[in-house]
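Peer 1: give me the fold of what follows.
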Amino acid sequence: MHTGVDLLKNVRVQAIIGPQTSTQVKFLAELGNKSRVPIISFLANSPPRLPSQTPYFIRTAWNDSSQAEAIASLVQRFNWREVIPVFEDDDSNARFIHDLVDALRHVNTRVSYRCKIHPSAGEDEIKGAISMLKSNWTSVFVVRMSYQLALKFFKLAKDEGMMDHGFVWITASGLTDIFDAVGSLALNVMDGVLGVEPYVNDTLVYQNFRQRWREKYRSENPGSSLNVPIVSGFYAYDTVWALALAAEKAGFVNSDFLPSVTSNRSTDFDKISTSKAAEKLRGASLKSDFTGLTGKFLIQDTQFQLVSTSYKITNVVGQETRVVGFWTPGFNISKSWGKKDDLDIITWPGGGENTPRGWLLPANKTLKIGVPVKHGFGKFIRSENGTPKGFCIDVFEEVMDNLHVPYVYEEFGNGKGQSNGTYNDLVYKVYLKFLSLQLQYCFCATVGHEEYDAVVGDVTILANRSFYVDFTLPYTESGVRMVVAVRDQRQKTAWTFVEPLTADLWLGAGAFFVLTGFVVWFIEHRTNQEFRGPPASQIGSIFYFSFATLVFAHRERIVNNLSRIALVVWLFAVLILQQSYTASLSSRLTVEQLQPTVTNLDEVIRKGASVGYPKDSFLPGLLERLKINHKKLIPFNSPEEYNEALSTGTVAAIVDEIPYLKVFLSIYCDNYTMVGPTYKLDGFGYSFRCTLKFLSASKAFPRGSPLAPEISREILQLASSHRMTELEKQLYGDKTCPDKDDSQTSSSLTLHSFLGLFLITGTSSMLALILHIVITLYNHRSHLISASRQSSWHGLLAILSKIFNEHENSSNTPDKDEPAMADVHHTTESPLSISNHIIENFNSDTDVGSPEGEGTPGREVSIHDPDPPSFAYMLSER
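Peer 2: Numbers count the residues shown, from 1 in each chain. Got it, this is the predicted structure:
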């Protein structure tokens, strides 16, 4: 510091290069502000204050914020969720740690603990720090300290077994080049370490400079093991080069320091003058833009520092360091510079190539697992001769077998088969263990109350519990529902036979019966004697024939092809309607239509009925929030008690979590069902101690157990395997018990279900009717033409009535047109008297003895049997 004042006061320099320590940087930055002389540092990685507060301090070293991003990207690449910085406790590392924590937070990685080591720490202090690291779950460390302190630290860490399998050590820039500076002393104790340092492109200029530097250094320092300059040496070279270029641009200026305006010049600091020439040199330096040894040398005007650089990632393997990848702002982590690809193979501490998972069980540590003590629902958790058993234990052991973590169970009971509290109390025991560890971290003292490291059992994941512990992913179906009794809602009455069809379908079917009967009668009655007779007889024939088709019992013989077509389509519709009716009626008479006695909690509240719930659970709070009176809540312990309460009517419903209800229904499926909405929860999970670490007495960083995500991943793998299916089959059994709700009951058949069928048969009947009318009018066209000339509309109606009402002893198929009708005198007689007129004026070419009707194959002169064959008989004869 005295040297800086002397340079400015006496020598009157126009620029200063080289402050190294944080103390030097702070002091010289203030001198630069006062004298307006640029202070340039190629070693200061972080500004002492905001750039606007120190405008004459220019940093030409790598930027710590970009280095922090590179380290965070490396951590993210391997999906490590927690990192511990280990750094030398001085001001130069304060800004870097801040940048590192921010960068890690952006990639969802926690900094659970910060290990600070004093620069003058002895062996005992360093061992104490290493012991604290060993007692932590996290095994990923970022180290930044001086060469001397780093050598002592890694040597002791190796002696403590922390340079073995499972550990990850990342050195920040400033320490990474220790291998070039110290050589084998560092390589021997840092095998497997990853290093991050600024990337210097291996250009021809760089190679020439390195060769010249090596020759000069060896000639001046014979026997030295240093072969190449460290990275900061390249930045120093570029800094001097940039200042020389700036001096050329500014031009040679004589010393022009102005006297200080301070009246009281009692100190040397106050006697420092200002220089306009130095300010001009600063302006030229900020405009530096060239390609140096370290790459593009460009100063950011607002930050007074170099633009972010690229970094290379090195790996110590034996007695050498290998480049395994690069980080660039645009491509992030990659194997090759300027490309997007994966990292090269890394050799980790201990010599393995498998990526460490980022956490290790603390040395000589066995997890103490708390297990609940409960009665009922032993399929989930129970004790057999002091050994926990059940579905929850089976899943946990399947998961832990793959993690190879030692653990021991301890029941949360009083030794007499009774629990020591609720599930909330059990979860809180895990939190108490966490608090005792925090006191140990803060005060380096052992405190009492050895509680649980984790809880394994049917513990539901709740929001209030997550404030104290971390949960794994759920391994059961989540949610709360209620189970109620079921009863047969169908009443068998004398009128049950009409229930299969709705009223609109009954009326619609009846209408189509009558329509089809009318169409067949209208087509057949002119040529078929069985459809003739008095009006009352013909009306009876219409209804009898149409409804007889329902059971295929009609006996009338059909002689017209059009009526046959309409009848066949109708019989097809009747067959479908009859079979549907029979199936629906059979279901109503023989199958129980089970429906729940209540369908939701609102109905239970309206009835004022009681509700059951599992004892010592969180459900009373949930039910009270759902407006159920706490006096109506009754606790139960087991499926047997659930069954007794529901069967006797003690409660109208049992509210519980879905896994419990599924176990209950696997035993009592026939009499009960799950109903109502599902109140979502997160299911069963394992709870673990939070690894929250205090940085000071009043500040904490986010919590998270490293074991919880590992077990969650194992649960996901187990859930997708056949083994989980086997465990669930042991829990719920092979029998499935579907919900008994309204969707399982048979409802009445509606008109809409048969609308298409009725549309087809109605269309075919109407087409047959229209074709019959058209053909008949066409065959009598000559009579109609004659009648239309001579008669009024009353006479025309009478002729039409005569045509469609007269009986023809015709064969089935016409060979000739219908005989012409005699002229009808145009009188004022009523239409009913017209039938007494004699039909005359037959055409001379008409065969009177054999009139032909439409749609019949020929005259059929025969006497019908008194008992014509049935429809079924006619089908069998075909």
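Peer 1: pLDDT below threshold where in the stretch 51-200 of the chain?
Peer 2: Under the criterion pLDDT under 70, the flagged ranges of the stretch 51-200 of the chain are 51-52.
Peer 1: can you rerun that using 50?
Peer 2: Within the stretch 51-200 of the chain, no stretch has pLDDT under 50.
Peer 1: quick one, helices of it?
Peer 2: 64-77, 94-106, 123-134, 147-159, 178-182, 184-187 (DSSP state H, counting those that start in this stretch).
Peer 1: which one of those lies nearest to L622?
Peer 2: Taking C-beta to C-beta, helix 94-106 is the member of the helices of the stretch 51-200 of the chain nearest to L622, at 35.0 Å. Any C-beta I mention is one placed from the backbone N, CA and C, and that applies to glycine too.
Peer 1: quick check: phi and psi on the nearest residue to G318 once chain neighbours are set aside?
Peer 2: Spatial nearest neighbour of G318, chain neighbours left out: D191 (6.8 Å); criterion: C-beta to C-beta, 6 or more residues apart in numbering. Here is the backbone geometry of D191 (degrees, to the nearest 10): phi -60, psi 130.
Peer 1: what about D191, neighbour count?
Peer 2: Using other C-beta atoms under 10 Å, D191 has 20 neighbouring residues.
Peer 1: about what we covered before: with distance to G517 and mean neighbour count as added columns, please give the helices of the stretch 51-200 of the chain in TSV.
Peer 2: Converted to TSV, the helices of the stretch 51-200 of the chain look like this (distance: least, C-beta to C-beta, whole Å; neighbours: other C-beta atoms under 10 Å):
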stretch	distance to G517	mean neighbour count
helix 64-77	83	23
helix 94-106	84	18
helix 123-134	98	15
helix 147-159	103	18
helix 178-182	106	20
helix 184-187	107	16
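Peer 1: now those in a markdown table, with distance to N385?
Peer 2: As requested, the helices of the stretch 51-200 of the chain are exported to a markdown table (distance: least, C-beta to C-beta, whole Å):
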| stretch | distance to N385 |
| --- | --- |
| helix 64-77 | 47 |
| helix 94-106 | 48 |
| helix 123-134 | 37 |
| helix 147-159 | 45 |
| helix 178-182 | 59 |
| helix 184-187 | 56 |
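Peer 1: isn't L623 right up against V611?
Peer 2: Yes. L623 lies in contact with V611 (C-beta atoms under 8 Å); the separation is 6.4 Å.
Peer 1: I299 in helix, strand or coil?
Peer 2: Assigned state for I299: strand (three-state reduction, DSSP: H, G, I helix; E, B strand; the rest coil).
Peer 1: over to L727?
Peer 2: Strictly by three-state DSSP, L727 counts as helix.
Peer 1: settle this for me: it is touching V395, isn't it.
Peer 2: Yes. Assessed by C-beta under 8 Å, L727 is found in contact with V395 at 6.4 Å.
Peer 1: out of the two, which sits in the more crowded spot?
Peer 2: Using other C-beta under 10 Å, the more surrounded residue of L727 and V395 is V395, with 24 against 17.
Peer 1: what about L716, neighbour count?
Peer 2: Using other C-beta under 10 Å: L716 sits among 13 other residues.
Peer 1: check which helix or strand covers it.
Peer 2: If you go by DSSP states H and E, L716 is part of helix 707-719.
Peer 1: in that helix, what counts as buried?
Peer 2: Residues of helix 707-719 classed as buried by neighbour count (16 or more other C-beta atoms under 10 Å): 707-715, 718.
Peer 1: identify the contacts common to L623 and V611.
Peer 2: 633, 655 (C-beta atoms under 8 Å, 6 or more residues apart in numbering).
Peer 1: low pLDDT regions in the chain?
Peer 2: Judged by pLDDT under 50, the stretches of the chain that qualify are 263, 437-449, 689-703, 742-744, 810-878.
Peer 1: report the central residue of it.
Peer 2: The centre of the chain sits closest to L473, judged by C-alpha atoms, centre = their mean, with a distance of 12.7 Å.
Peer 1: from G358, how far off is it?
Peer 2: Distance, L473 to G358, by C-beta to C-beta, to the nearest Å: 18 Å.
Peer 1: shouldn't the residue nearest to G318 be in contact with V316?
Peer 2: Yes. Taking C-beta under 8 Å as the definition, D191 is a contact partner of V316 at 5.6 Å.
Peer 1: what ranges do the strands span in the stretch 151-300 of the chain?
Peer 2: According to DSSP state E, counting those that start in this stretch, the stretch 151-300 of the chain carries its strands in the segments 168-171, 194-198, 257-258, 274-275, 289-292, 295-300.
Peer 1: which other helices and strands contact the helix ranked longest in the chain?
Peer 2: Ranked by number of residues, the top helix in the chain under DSSP state H is helix 561-590. Contact here means 3 or more C-beta pairs under 8 Å, 6 or more residues apart in numbering; DSSP states H and E; on that basis helix 561-590 packs against helix 503-524, helix 755-779.
Peer 1: and I628, which of these is closest to it?
Peer 2: helix 503-524 (40.7 Å).
Peer 1: list the buried residues for that closest one?
Peer 2: Buried residues in helix 503-524, counting neighbours by 16+ other C-beta under 10 Å, are found at 505, 508-509, 512-513, 515-524.
Peer 1: looking at those residues, which is nearest S647?
Peer 2: The closest of the buried residues of helix 503-524, once distances to S647 are taken by C-beta to C-beta, is L505, at 39.5 Å.
Peer 1: excluding sequence neighbours, find me the nearest residue to the closest one.
Peer 2: Nearest residue to L505, sequence neighbours excluded (C-beta to C-beta, 6+ apart): L751, at 4.5 Å.
Peer 1: return the distance of the one you found relative to D504.
Peer 2: 4 Å.
Peer 1: right, and the helices of the stretch 51-200 of the chain - which one's nearest W327?
Peer 2: Here helix 64-77 is closest among the helices of the stretch 51-200 of the chain (C-beta to C-beta), at 3.9 Å.
Peer 1: extract the CA atoms of the closest one and return them as CSV.
Peer 2: C-alpha atoms of helix 64-77 as CSV (Å, rounded to 0.1, in the frame of the first residue of the first chain):
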residue,chain,number,x,y,z
ASP,A,64,-15.7,-15.0,-11.3
SER,A,65,-19.4,-14.8,-12.2
SER,A,66,-18.8,-16.7,-15.4
GLN,A,67,-16.6,-19.2,-13.6
ALA,A,68,-19.5,-19.8,-11.2
GLU,A,69,-21.8,-20.5,-14.1
ALA,A,70,-19.3,-23.0,-15.5
ILE,A,71,-19.1,-24.9,-12.2
ALA,A,72,-23.0,-24.8,-11.9
SER,A,73,-23.3,-26.2,-15.4
LEU,A,74,-20.9,-29.0,-14.5
VAL,A,75,-22.9,-29.8,-11.3
GLN,A,76,-26.1,-29.8,-13.3
ARG,A,77,-24.6,-32.1,-15.9
